[in-house]
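> A predicted structure for the sequence below; I have some questions about it.
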Amino acid sequence: MTLRPTPPLRVPTLTEVVSLPEAPAPAVSPTAFAPTEPAPLAPLPAAAELDEEELVQRVLADVQRQIDLMLEVKLREALAPALTRATDALLREARTGLASTLRDVVSRAVAQEIARHRGR
């Protein structure tokens, strides 16, 4: 598993409202709001659609990278205590098994030495 840099603590979201300093409103005459005929919509060129699709793909890829990093951090945070407990339990079991085996080996060795000394 490769170590990736941790994501920044605060990542802005697309739903945040950013307040901008207000500029003075230009003076508008009342006739500027008179109803007019809407201008006919010109068809979008195919290049604009491709650019929009490319932009969507870039944004999705960027969001996916951020999600992957955040998911990895959250998984590490969630799994660290469980892995620590599992490691501790495994070490306890290994120590218990090793101590039992060592006791058996030493008992046999002592019994063999006692039998050898009695046999003389």
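Done, it's in.
> switch to C-alpha atoms for all contacts and neighbour counts from now on
OK.
> what about residue 69, neighbour count?
Residue 69 is surrounded by 17 other residues when neighbours are defined as other C-alpha atoms under 10 Å.
> gap between it and residue 53?
In this structure, residue 69 and residue 53 are 24 Å apart, going by C-alpha to C-alpha, to the nearest Å.
> do residue 73 as well
Taken as C-alpha to C-alpha, the spacing of residue 73 relative to residue 53 amounts to 30 Å.
> among those two, which residue is more densely surrounded?
Legend: neighbour count by other C-alpha under 10 Å for residue 73 and residue 53, higher for residue 73 (16 against 12).
> quick one: secondary structure of the more buried one?
Recorded secondary structure, residue 73: helix (DSSP: H, G, I helix; E, B strand; the rest coil).
> relative to residue 80, how far out is it?
Counting by C-alpha to C-alpha, the gap from residue 73 to residue 80 is 11 Å.
> which residues in this structure form helices?
Under the criterion DSSP state H, helices of the chain are mapped to 46-118.
> any regions of it where pLDDT drops low?
Under the criterion of pLDDT under 70, the regions of the chain flagged as low confidence span 1-50.
> if you set the cut-off to 90 instead, what comes out?
Filtered on pLDDT under 90, the chain yields the residue ranges 1-54, 118-120.
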